[in-house]
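Peer 1: One predicted model, sequence on top.
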Amino acid sequence: MRRLTLGTCSALLILAAAVVTPGCGGRDNDEGPGTLTYRATTWFHYLSGTASTSSQFQLVMSSADLTNFSAQAGATQTAGQGLIFGSVDNVSTGAGIAGATVTALNDAGATAGSAIYRSDVTGAFTTALTSTSANGDFIIFNVAPGRVNLRCATGASGNLYVNSIADETTLVALRATVPAASNVTWTAVTRRLVNVPGVPEGDVTMDGIGTGTPFPLLSATGTGSFTTSVPAHQTYLVRCTKALFTPTINQVTFTTVPPSGPAPLPDLSVVLTADRDSTNFKPASVALVAGTGILRGNITPTSGSLDGYTITCTDLTGAGAGALRYADATGVPIDLLSPSSSSGIFYIYNLPPGTYLIQASKGGFAGATYADVFADSISLVQGQLAPSVGGSGTITVGGNVVTFAGIAVSGSTVDRRGYAATVTAGGLGVYSMTGVPTTRFFMVRVAGP
């Protein structure tokens with residue numbers, strides 16, 4: 001369980017549910033709810049429920065909240081910029097982690113803003129602190145809109161890619177391990193992806209998106225092999241490039257220590273542009289659109305066979321996106337829009353750059369993941385889409401929408417991003433959302449009336 005101190009109120013932010021303790025002040029008594037304006041607040045959280053219903057408070061940042069936090073930190077939020085509000089949480093216990101420093105990096109690896117930490121003593125954000133207190137809380141003002149990699153630089157190990165949105169708030173729980181894990185020595189091979197398995201491809205250049213110095217630019221040898229050292233318990237978006245090849249984005253996650261036994265750390269894949277344009281990677285019926293990207297996915301269910309899964313791809317509004325094709329047993333896409341074959345591989349073409357919700361389901365199994373797509377590139381989903389038995393179950397989620405100071409917000413909307421599932425809160429901010437899949441990661445956007 002995770003506690004975030006909110007002004008003179010407190011909110012219990014749990015990875016499965018968020019509960020706010022109402023009625024404890026936290027605002028100027030002369031300022032009624034009707035005088036407030038609101039910043040839409042988007043946050044990432046995990047829902048794992050076996051019960052038929054789940055209670056979950058949703059937070060939306062009010063103008064009073066922003067004024068309060070700005071005064072504490074001595075910072076002024078600029079119009080057109082995003083705000084990140086979060087905590088560094090122990091992945092095992094959910095408790096805040098003390099002594100962690102947080103860095104925010106944009107896609108180029110440049111600093112996207114400086115974290116300001118909250119004091120356990122005063123309950124306020126202060127520039128006098130250089131790392132998190134036991135509450136784990138931090139805030140970052142004036143983050144340029146776009147993707148941001150939030151990572152623990154010292155004191156803990158963990159990271160999370162999020163989106164900074166102009167004039168909105170991004171709320172995050174950065175799940176990390178303590179003590180900080182030592183670096184992982186990553187020895188692997190870059191491979192030309194035609195089908196499975198790929199053949200080694202040499203002289204490939206690699207860089208980590210939004211990582212900066214922890215993942216320096218490097219190149220594979222002529223035989224495709226490479227060795228580098230990177231912080232553990234992190235997820236990386238690794239871009240592979242080479243002349244005559246299409247940039248390929250590999251999502252790689254390292255555990256706290258290198259895997260035991262003979263299993264190697266993951267190889268990386270790169271796609272020859274001629275292969276991309278051939279039937280090895282694209283059916284003749286699909287015409288690629290410049291400026292869009294391709295997503296190639298690999299289903300990795302927790303048990304059972306790979307065949308028979310139905311794939312859906314939606315943008316964050318819940319609208320269907322891209323041209324979906326399933327692969328045959330060798331991983332080559334076919335023109336039939338039928339569930340995936342024994343390879344478990346699928347392709348989605350002509351996706352504009354952005355974040356998408358990818359879902360896989362069949363007879364009692366279901367799973368979902370969010371994936372980032374880049375212009376004129378190929379994004380690989382390998383190991384992130386892991387349907388589980390019982391994952392197709394749904395529950396009803398309800399609760400109240402409140403500000404960070406505990407004020408109920410009637411008429412606000414709660415949007416489960418990618419699911420086309422938006423509800424409006426009634427009196428006292430009460431909302432109820434049915435058909436919520438269990439055991440899923442979600443992006444939830446809450447907007448005031």
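Peer 2: Right, received. Where do you want to start? Residues are numbered from 1 along each chain as shown.

Peer 1: my guess is residue 43 meets residue 174, correct?
Peer 2: No: contact criterion CB atoms under 8 Å: residue 43 and residue 174 do not qualify, at 11.6 Å. Every residue, glycine included, has its C-beta placed from N, CA and C.

Peer 1: what about these two, which has more around it?
Peer 2: residue 174 (24 against 21; other CB atoms under 10 Å).

Peer 1: who does that one bridge with?
Peer 2: Beta-bridge partners recorded for residue 174 (DSSP bridges): residue 88.

Peer 1: Outside of stretch 124-138 itself, list whatever touches it.
Peer 2: 2-5, 69, 72-74, 85-89, 95-102, 115-121, 139, 154-155 (CB atoms under 8 Å, 6 or more residues apart in numbering).

Peer 1: Let me fix that, I meant to ask about stretch 368-378.
Peer 2: 147, 161, 237, 239, 246-249, 251, 271, 276, 290-297, 351-360, 379, 381, 384-385, 418, 437, 440-441, 443.

Peer 1: what sits against residue 85?
Peer 2: Here residue 85 is in contact with 61, 69, 138, 139, 140, 169, 170, 171, 172, 404 (CB under 8 Å, 6+ apart).

Peer 1: hey, C-alpha coordinates of the helix or strand containing it in PDB?
Peer 2: Using DSSP states H and E, the element containing residue 85 is strand 82-90. Extracted C-alpha coordinates of strand 82-90, given in PDB (Å, rounded to 0.1, in the frame of the first residue of the first chain):
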ATOM      1  CA  GLY A  82       3.100  19.400 -18.800                       C
ATOM      2  CA  LEU A  83       3.300  18.600 -15.100                       C
ATOM      3  CA  ILE A  84       4.500  15.300 -13.700                       C
ATOM      4  CA  PHE A  85       3.400  14.300 -10.200                       C
ATOM      5  CA  GLY A  86       4.600  10.900  -8.800                       C
ATOM      6  CA  SER A  87       6.100   8.600  -6.300                       C
ATOM      7  CA  VAL A  88       8.900   6.100  -6.200                       C
ATOM      8  CA  ASP A  89       7.400   2.900  -4.800                       C
ATOM      9  CA  ASN A  90       8.900  -0.400  -3.600                       C
END
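
Peer 1: Mind listing the residues bridging to the residue nearest to residue 118 when sequence neighbours are not counted?
Peer 2: Spatially, and ignoring its direct neighbours in sequence, residue 118 is nearest to residue 137 (3.9 Å; CB to CB, 6 or more residues apart in numbering). With DSSP bridges applied, the residues forming beta bridges to residue 137 are residue 87.

Peer 1: do residue 154 as well
Peer 2: As assigned using DSSP bridges, the partners bridged with residue 154 are residue 101.

Peer 1: The one 10 residues further on too?
Peer 2: Beta bridges link residue 164 to residue 146, judged by DSSP bridges.

Peer 1: Tell me how many other residues crowd it.
Peer 2: By other CB under 10 Å, neighbour count at residue 164 equals 24.

Peer 1: OK, contacts around it?
Peer 2: 81, 82, 84, 112, 143, 144, 145, 146, 147, 148, 170.

Peer 1: So the first one sits against residue 145, correct?
Peer 2: Read that as residue 81. Yes: Residue 81 is within contact range of residue 145, at 7.3 Å (criterion: CB under 8 Å).

Peer 1: out of those two, which sits in the more crowded spot?
Peer 2: Remark: of residue 81 and residue 145, residue 81 carries more neighbours, 17 against 14, as counted by other CB under 10 Å.

Peer 1: which residues touch the more buried one?
Peer 2: 141, 142, 143, 144, 145, 164, 166, 167.

Peer 1: for residue 412, same thing?
Peer 2: 38, 60, 401, 424, 425, 429, 431, 446, 447, 448, 449.

Peer 1: do that again at 6 Å, thanks
Peer 2: Going by CB atoms under 6 Å, 6 or more residues apart in numbering, residue 412 touches 60, 401, 425, 448, 449.

Peer 1: Equivalent analysis for residue 113, please.
Peer 2: 104, 140, 143.

Peer 1: got it, and residue 328?
Peer 2: 334, 341.

Peer 1: how close does it get to residue 338?
Peer 2: In this view, residue 328 and residue 338 are 10 Å apart by CB to CB, to the nearest Å.

Peer 1: again, but for residue 427
Peer 2: Counting by CB to CB, the gap from residue 427 to residue 338 is 48 Å.
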